[in-house]
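S.K.: Whatever this is, show me its structure:
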Amino acid sequence: MPLHRSLPIQSPGEPRRNLVKGLARVGGLWNLARPMSSPTATPQTTTPDPGFDPVAFWYLHKTKIIALLAIFVIGLAGYGIQQWMEGASRAASQAALAKAASEDDFKKVIADYSGSVAAANARLRLAELQRKGGKLDESTTTLKAFIEQHPQHSLIPGAWLGVAANQEAAGKADDALATYQKVATTYPTSYAAALALLGQGRLQKEKGQIDLAKRSYEQVATQFQNSDFAQQALQQSATLKKTTP
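M.R.: Down below sits the predicted model:
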């Protein structure tokens, strides 16, 4: 009898089956050893911004919007009516001025269209008509009313010249001289200043104030060079030299 125990005889496919079983056991252990993955966090959802909703805004503020639109429409209509009325009044005043010929006609334009351009022109035309008719004081009153009613008018210097001319024609030399000086100093760059200085020199010459008259004429020649006013001033200054003792 042999001393060692006889080993069991394995079939030819037995080693392969054992190997597969061993690998299966190792695979099971590997699967057990793998850590479990952590659950993914659920993303937080935000409410989207709805933005400007014109329909909702209209329902919330429709009363105010309608009121504002009504005010705008009324204001626009009122402005249009005002412009139309002003245009019609301006056309009517110009037509009335064109037809005016007598003092009463001009006075009617002044009364019917007070403050208008036609009324201002009517005052100047009336003052001229009164001066030609020898109504010097009335003409002066009309001119001063023009100056008071239309202080920004471009013909204000001319109106003051008319006042001075009326005063000079009425024999009020001192008043006329003061008015001429006022025009020359208040409107030094206007044509009225040149005419005022010429009138001033004329009155000074009549008063025998030769040096003052000469100075007035020299001021015209210097201030308004190369003009007809300067030529007149030089001619008048030459006459002063001839009459000076």
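S.K.: CA only for contacts and neighbour counts going forward, please
M.R.: OK.
S.K.: what residues go with each domain of this protein?
M.R.: Here the domain parsing of the chain from automatic domain parsing is 100-153, 156-245.
S.K.: Show the backbone phi and psi for G133.
M.R.: Backbone geometry at G133, expressed as degrees, to the nearest 10, gives phi -80, psi 10.
S.K.: nope, S154 is what I was after
M.R.: According to degrees, to the nearest 10, S154 has phi -70, psi -20.
S.K.: Next, count neighbours for it.
M.R.: 9 (other Cα atoms under 10 Å).
S.K.: now do Y191
M.R.: Neighbourhood size, Y191 [other Cα under 10 Å]: 14.
S.K.: residues contacting it?
M.R.: Listed by Cα atoms under 8 Å, 6 or more residues apart in numbering, Y191 has no contact partners.
S.K.: Can you check the pLDDT for R90?
M.R.: Confidence at R90, expressed as pLDDT, is 69.
S.K.: just S6 next, same as before
M.R.: S6 is assigned a pLDDT of 47 by the prediction.
S.K.: Make 703 the first number, not 1, from now on.
M.R.: Got it, first residue is 703 now, which makes that one S708.
S.K.: gap between D930 and P859?
M.R.: Distance, D930 to P859, using Cα to Cα, to the nearest Å: 19 Å.
S.K.: and those two? which has more neighbours close in?
M.R.: With neighbours defined as other Cα under 10 Å, D930 and P859 compare such that P859 has more, 21 against 12.
S.K.: secondary structure element for that one?
M.R.: Following DSSP states H and E, one finds P859 within helix 858-871.
S.K.: Just the buried residues of that helix, please?
M.R.: If you call a residue buried by 16 or more other Cα atoms under 10 Å, then helix 858-871 has these buried ones: 858-870.
S.K.: Identify the residue nearest A813 in space, chain neighbours excluded?
M.R.: A821 (7.8 Å; Cα to Cα, 6 or more residues apart in numbering).
S.K.: Pretty sure that neighbour sits against D807.
M.R.: No - contact criterion Cα atoms under 8 Å: A821 and D807 do not qualify, at 11.2 Å.
S.K.: the more surrounded of the two?
M.R.: Remark: of A821 and D807, A821 carries more neighbours, 26 against 16, as counted by other Cα under 10 Å.
S.K.: contacting residues around the more buried one?
M.R.: 795, 811-813, 815.
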